[in-house]
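Colleague: here you go, sequence then predicted model.
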Amino acid sequence: MMFTQQLKEEVEPIIESIYNDPFIQGMVRGDLSKEAVIHYLKADHLYLNEFAKIYSLLIPKLDDKEGIKFLLEQIDFVMNGEVTAHYTLADYAQVDYKTIIKDGEWYPTSDHYIKHMYFNAYRYSDAAFTICAMAPCPYVYQQVALKMKERHDFNGNPFKDWVDFYATEMKLLMEHLDGWVDEFAEHASEAERAVLTKNFKESCIHEKRFFNMAYTQETWESVVE
Ligand SMILES: Cc1ncc(CO)c(N)n1
């Protein structure tokens, strides 16, 4: 079995639990609180901004021209394409998107997740370590969106476009990310493979915590209350 296939099987229970968490269930019912959506957008705008910058840190770690070209396209996609999904959420919350993101916030949970990716980019010379910390970003959303679509009819649901976006747009990216990780994993040591696994799993847990952060309106102050 390919290394990334094994990773994906290991995290399936985490993804199923994210599907069952109140943020996603609120989207399924179409009654998620507007406050949760706004909190999410404030954090996610910053998250995606940093995600794009971390792609740029991968460029010197890669040697294949096609791969580098693909990363450059991905930077554009994260900065310009994925905004579509954010607009769907802002429309639901009936707030102006630009106003929401003007004062984006580094809440404890999103802050931790972003720094997990940066740590790996600076700590390890091979791109695979960072990619394992980044891949759950597209992977978890793709899998959650597919579960949502399989189990419910989204016609008339205000989050339909969000679900359709993540169910379809992540496929090509996952193929590239899986390819890089599998290639490295083939000749990696046991210890290196253990770090790759840990990075991937931790980011899936960060994804779960990110939705719950928005649902519970987490702030630095609320953590100590
Ligand atoms: C936190 C987070 N993870 C994944 C995605 C999907 O790209 C996103 N927009 N935000």
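Modeller: Arrived safely, thanks for sending.
Colleague: contacting residues around the residue most central in space within the chain?
Modeller: Centroid check for the chain by CA atoms, centre = their mean gives residue 137 as the closest residue, at 2.2 Å. By CB atoms under 8 Å, 6 or more residues apart in numbering, residue 137 lies in contact with 51, 203, 207. Bear in mind the C-beta positions are built from the backbone N, C-alpha and C, glycine included.
Colleague: neighbour count added to those, as CSV?
Modeller: Output for the contacts of residue 137, formatted as CSV (neighbours: other CB atoms under 10 Å):
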residue, neighbour count
51, 21
203, 24
207, 21
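Colleague: list the ones among the residues you listed that fall in strands.
Modeller: Nothing among these maps onto strands, per DSSP state E.
Colleague: from those, which is closest to residue 34?
Modeller: residue 207 (21.8 Å; CB to CB).
Colleague: you'd agree the closest one is up against residue 19?
Modeller: No. If you go by CB atoms under 8 Å, residue 207 and residue 19 don't touch, sitting 11.3 Å apart.
Colleague: what residues does this protein have near the ligand?
Modeller: 44, 47-48, 82, 137-138, 141, 207, 210 (CB under 6 Å from any ligand atom).
Colleague: helices of this structure, residue ranges please.
Modeller: Secondary structure of the chain (DSSP state H): helices at 3-20, 22-29, 34-58, 65-76, 83-93, 97-102, 108-123, 127-134, 136-151, 160-169, 171-186, 190-215, 220-224.
Colleague: adding mean pLDDT, write those helices out as CSV.
Modeller: Shown next, in CSV, are the helices of the chain (pLDDT from 0 to 100):
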stretch, mean pLDDT
helix 3-20, 98
helix 22-29, 98
helix 34-58, 97
helix 65-76, 95
helix 83-93, 97
helix 97-102, 92
helix 108-123, 98
helix 127-134, 98
helix 136-151, 98
helix 160-169, 97
helix 171-186, 96
helix 190-215, 98
helix 220-224, 94
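Colleague: give me whichever of those helices is most buried.
Modeller: helix 127-134 (a mean of 26; mean count of other CB atoms under 10 Å).
Colleague: helix 65-76 and that helix, what's the angle between them?
Modeller: 30 degrees (axes from the mean of the first three to the mean of the last three CA atoms, to 10 degrees).
Colleague: CA-only coordinates of helix 127-134 in CSV, if you can.
Modeller: Written as CSV, here are the backbone C-alpha positions of helix 127-134 (Å, rounded to 0.1, in the frame of the first residue of the first chain):
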residue,chain,number,x,y,z
ALA,A,127,9.6,19.2,1.4
ALA,A,128,7.8,16.0,2.4
PHE,A,129,7.7,17.0,6.1
THR,A,130,6.0,20.3,5.4
ILE,A,131,3.7,18.7,2.8
CYS,A,132,2.5,16.2,5.4
ALA,A,133,1.6,19.1,7.7
MET,A,134,-0.2,20.9,4.8
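Colleague: nearest to residue 153 among the contacts of residue 137?
Modeller: Distances from residue 153 to the contacts of residue 137, taken by CB to CB, are shortest for residue 207, at 25.0 Å.
Colleague: in contact with the closest one, which residues?
Modeller: Residue 207 touches 18, 113, 136-137, 140-141, counting by CB under 8 Å, 6+ apart.
Colleague: same question, residue 67
Modeller: 176, 180.
Colleague: kindly report the same for residue 2.
Modeller: 178, 182.
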